[in-house]
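Enquirer: got a sequence here, can you build the structure:
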Amino acid sequence: MTHLLDKGTPFVFLKDCIDTFETLKKKLTEDPILVVPDWNLPFELMCDASDFAIGAVLGQRKTKHFQPIHYVSKTMTEAQMHYTTKKKEMLVVVYAFEKFRPYLVLSKSTVYTDHSTLKYLLNKQDAKPRLICGQVEVSNHGLKRILERTVGENRASWSDKLNDALWAFRTAFKTPIGCTPYKLVYEKSCHLPIELKHKAYLALKHANFDLKTAGDHRKLQLNELNELRD
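Expert: Next up, the predicted model:
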């Protein structure tokens with residue numbers, strides 16, 4: 001049927017065109033088939049925003065083709081319609097994560113959206129509260145990926161591993177800010193006690209310092225001090 005759209009082509013509607021038209025009409029009037037989620041497969045979240053509405057679809061690729069699991073959409077409020085394009089794109093990401101949270105928590109997932117929006121948000125110095133909410137969702141997504149690697153197959157113990165995941169997230173280098181979140185807050189790098197102990201021991205070793213000999217010498221000095229006091 002597409003050749004009928006060419007300029008200068010005579011409009012001849014043959015039987016093949018009629019059959020194609022009937023098939024297309026039937027497909028457009030059928031309900032989309034939703035599939036049951038497979039928790040062993042990663043999820044794919046597709047988000048988009050128009051001038052007056054936002055929508056998202058959650059699905060998986062059980063075969064080569066994308067199969068939808070759930071749809072969500074809503075009309076934006078009057079105030080939201082006046083958002084910039086970047087804010088609208090971030091709004092739909094936050095909305096989708098809120099709606100599909102039970103599917104996405106501790107599950108591998110890929111988000112398809114406007115990449116420039118996320119880049120703009122992470123580089124913005126004076127983000128407004130609603131943008132900050134979106135950035136929190138992005139950070140939570142990264143934290144979730146760390147947590148699922150920490151937990152492994154035993155997802156029931158995710159709360160026990162949360163502190164370790166948070167520590168890994170805060171001490172990992174972040175390209176958008178050029179440092180770790182820990183250094184951004186405290187203005188210095190984070191060193192674990194075991195690292196300090198190792199560095200201190202290494203310095204003593206380079207000085208040929210014998211801990212046992214030094215300890216015995218210190219005890220002798222304390223005994224001599226006690227004798228002087230007596």
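Enquirer: C-alpha only now, for contacts and for neighbours.
Expert: Noted.
Enquirer: any idea how far Lys62 is from the closest residue to Thr113 other than its chain neighbours?
Expert: Excluding its sequence neighbours, the residue lying closest to Thr113 (C-alpha to C-alpha, 6 or more residues apart in numbering) is Cys47, at 5.4 Å. Distance, Cys47 to Lys62, by C-alpha to C-alpha, to the nearest Å: 20 Å.
Enquirer: who has more neighbours out of these two?
Expert: Cys47 (24 against 13; other C-alpha atoms under 10 Å).
Enquirer: spell out the secondary structure type for that one.
Expert: strand (DSSP: H, G, I helix; E, B strand; the rest coil).
Enquirer: wait, it sits on Tyr95?
Expert: No: counting by C-alpha atoms under 8 Å, Cys47 does not reach Tyr95; the two are 9.3 Å apart.
Enquirer: quick check: can you list the domain ranges of this protein?
Expert: As assigned by automatic domain parsing, the chain contains the domains 1-30, 37-186, 193-221.
Enquirer: contacting residues for the residue nearest to Thr113?
Expert: For Cys47, the contact set (C-alpha atoms under 8 Å, 6 or more residues apart in numbering) comprises Ile54, Gly55, Ala56, Val57, Glu89, Val92, Val93, Ala96, Val111, Tyr112, Thr113.
Enquirer: now Phe112, nearest residue through space, not along the chain?
Expert: Careful, residue 112 is Tyr; it's not Phe. In space, Tyr112 is closest to Met46, 4.7 Å off (C-alpha to C-alpha, 6+ apart).
Enquirer: could you measure from that neighbour over to Glu227?
Expert: 81 Å.
Enquirer: more crowded one of these two?
Expert: Each of Met46 and Glu227 has its neighbours counted (other C-alpha under 10 Å); Met46 has more, 19 against 9.
Enquirer: any idea how many residues pack against the closest residue to Lys188 other than its chain neighbours?
Expert: Closest residue to Lys188 apart from its sequence neighbours, by C-alpha to C-alpha, 6+ apart: Tyr182 at 7.6 Å. Neighbour count of Tyr182, defined by other C-alpha under 10 Å: 17.
Enquirer: for whichever strand or helix holds Gln80, what is the average pLDDT?
Expert: Element membership for Gln80 (DSSP states H and E) is helix 78-81. Averaging pLDDT along helix 78-81 gives 89.
Enquirer: got a list of contacts for that helix?
Expert: Residues outside helix 78-81 that contact it (C-alpha under 8 Å, 6+ apart) are Asp51, Phe52, Lys88.
Enquirer: what are the buried residues along it?
Expert: Using 16 or more other C-alpha atoms under 10 Å as the test for burial, helix 78-81 gives no buried residues.
Enquirer: check which element follows the lowest-mean-pLDDT helix or strand in the chain along the chain.
Expert: The weakest-scoring helix or strand in the chain, judged by mean pLDDT, DSSP states H and E, is helix 193-206 (a mean of 54). Remark: after helix 193-206, the chain's next helix or strand is helix 211-229, criterion DSSP H and E.
Enquirer: pull out the buried residues from that next one.
Expert: Neighbour counts over helix 211-229 (16+ other C-alpha under 10 Å) mark no residue as buried.
Enquirer: packing partners for it?
Expert: Using 3 or more C-alpha pairs under 8 Å, 6 or more residues apart in numbering; DSSP states H and E, no helix or strand is in contact with helix 211-229.
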